[in-house]
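Colleague: coords please:
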Amino acid sequence: MIESAPGPVFVSGETARHVFRWRDAIEALQQAYGRTITPEAAPPRTIARAEKAWLRTLPAIPPAGRYFGAKLMGMCIAAPAPAVEYVIVLFDRSNSRIAAFLDANVITGFRTAATSAAALDRLAPPGPARLAVLGSGLEASMHTRAFASIRPLSEVVIYSTTPPRRTAFAETVTRELDIPARAVTSAREAVHGADVVLAAARSHGEVPILFADWLKPGSIVVSIGSTVPEQREIDVSVVERCDLIVCDALEEVLHETGDMIAASAAGVAVHAKACSLAELMSGAAAERALTATAPMFKSVGGGLQDIIVAELILTKALQAGLATPLPIAFESKH
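Modeller: Okay, here's the model as predicted:
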């Protein structure tokens, strides 16, 4: 058992990268979502807005484990060089004290991709898969690595709107993951013949980037780019094609993402197609997953994912002596 530090510690993004392991995170998320999670323990995110500033909060108390806490992120667009910073604050159940602050920028990428891989692991048949990636940024890179940890990838085909970035991404996948990868000049070409399609790049002008008639029968779609009502990523036809939509946060996905709002407005019965990630992991939706011929995983992210992955990283950082003790102490109210 890891002993508590005398006071709070800080875990940097560099340390998080050093100690993180995909399989550990994926398995921890599968276990957490397989347990009973009450709405009160993992409430929806909240967003405060005022005078060109915003602050988002994602709290969670996992059903097991040592820590609970919240992720905070904020930005003031009126600042000279506006940027978003992320922090996760963890409380220790054993003593009710603040245990750690973690730089959560890279952790957010880790938890999003690990959650998608946790779902894909239950939806995709065993054996090699051809992966199409729409996007070449951080989320595209994280998801490719996460997927490669649960399935052998026979090929990765990449499209993004920036030719140098998609070419560089393909070269990185081949070099670092030893997987054949290539960049192509259109989203349709990337998707052609793919077993798994990752949509990880919202389009310019919020015009959908993925359409159903591009997809081969039986392919699985993972969509992470539309997380608020104003955002679009996949066309209504993709939602209509699906016979199972697994959602990490059921109500948020169905009511607060632009893709699902558009599909509902077009008459698609999204509620009838949907189930929660918790239902998939607990086995409640096992039969639906087994018989689905066109499944999709749709993610908006959540505090539970942040805290599960942050606990793993904090624990390993403490074991390795890489957490930085902070010369601070908080007053406690009893």
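
Colleague: helix or strand: which one has Ala310?
Modeller: For Ala310, the host element (DSSP states H and E) is helix 303-320.

Colleague: chain center to that helix, what's the gap?
Modeller: Here the centre of helix 303-320 is set off from its chain's centre by 15 Å, with C-alpha atoms, centre = their mean, to the nearest Å.

Colleague: and the next element down the chain from it?
Modeller: Past helix 303-320, the next helix or strand by DSSP H and E is strand 324-325.

Colleague: what packs against that following strand?
Modeller: In terms of contacts (3 or more C-beta pairs under 8 Å, 6 or more residues apart in numbering; DSSP states H and E), strand 324-325 is packed against strand 9-11. C-beta here means a position set from N, CA and C on the backbone, and glycine is covered the same way.

Colleague: who does the strand it packs on pair up with?
Modeller: strand 98-103 (parallel), strand 324-325 (antiparallel) (DSSP bridges).

Colleague: list the buried residues for the helix or strand just after it?
Modeller: Moving toward the C-terminus from strand 9-11, the next helix or strand (DSSP H and E) is helix 13-19. Of the residues in helix 13-19, Thr15, Ala16, Val19 count as buried by neighbour count, 16 or more other C-beta atoms under 10 Å.

Colleague: of the residues you listed, closest to Ala42?
Modeller: Nearest to Ala42 among the buried residues of helix 13-19, counting by C-beta to C-beta, is Ala16 at 21.7 Å.

Colleague: can you give me the buried ones in the helix holding Ala310?
Modeller: Going by neighbour count (16+ other C-beta under 10 Å), the buried part of helix 303-320 is 303-318.

Colleague: then stretch 68-80?
Modeller: Going by neighbour count (16+ other C-beta under 10 Å), the buried part of stretch 68-80 is Phe68, Gly69, Ala70, Lys71, Leu72, Met73.

Colleague: secondary structure class for the fourth one?
Modeller: If I follow you right, that is Lys71. Secondary structure state of Lys71, per DSSP: H, G, I helix; E, B strand; the rest coil, is strand.

Colleague: now do the contacts for it.
Modeller: By C-beta atoms under 8 Å, 6 or more residues apart in numbering, Lys71 lies in contact with Thr57, Leu58, Tyr86, Val87, Ile88, Ala104, Thr108, Gly303, Asp306, Ile307, Ala310.

Colleague: who does it form a beta bridge with?
Modeller: Under the criterion used here (DSSP bridges), Lys71 is bridged to Leu58, Ile88.

Colleague: let's have the chain start at 10 instead
Modeller: Will do, 10 is the new start, and the previous item becomes Lys80.

Colleague: check what pLDDT it gets.
Modeller: Turning to Lys80, the model gives it a pLDDT of 98.

Colleague: how near is it to Leu253?
Modeller: Taking C-beta to C-beta, to the nearest Å as the measure, Lys80 falls 29 Å from Leu253.

Colleague: for the stretch 110-259 of the chain, which segments count as strands?
Modeller: Counting by DSSP state E, counting those that start in this stretch, the stretch 110-259 of the chain has strands at residues 138-143, 162-168, 190-192, 205-208, 229-232, 253-256.

Colleague: could you dump the ones you listed to a markdown table with mean pLDDT, mean neighbour count and distance to Leu289?
Modeller: As requested, those are arranged in a markdown table below (pLDDT from 0 to 100; neighbours: other C-beta atoms under 10 Å; distance: least, C-beta to C-beta, whole Å):
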| stretch | mean pLDDT | mean neighbour count | distance to Leu289 |
| --- | --- | --- | --- |
| strand 138-143 | 98 | 25 | 18 |
| strand 162-168 | 98 | 21 | 22 |
| strand 190-192 | 98 | 20 | 29 |
| strand 205-208 | 98 | 27 | 16 |
| strand 229-232 | 98 | 26 | 13 |
| strand 253-256 | 98 | 26 | 5 |
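
Colleague: which of these sits closest to Arg175?
Modeller: Nearest to Arg175 among these is strand 190-192 (4.1 Å), distances taken as C-beta to C-beta.
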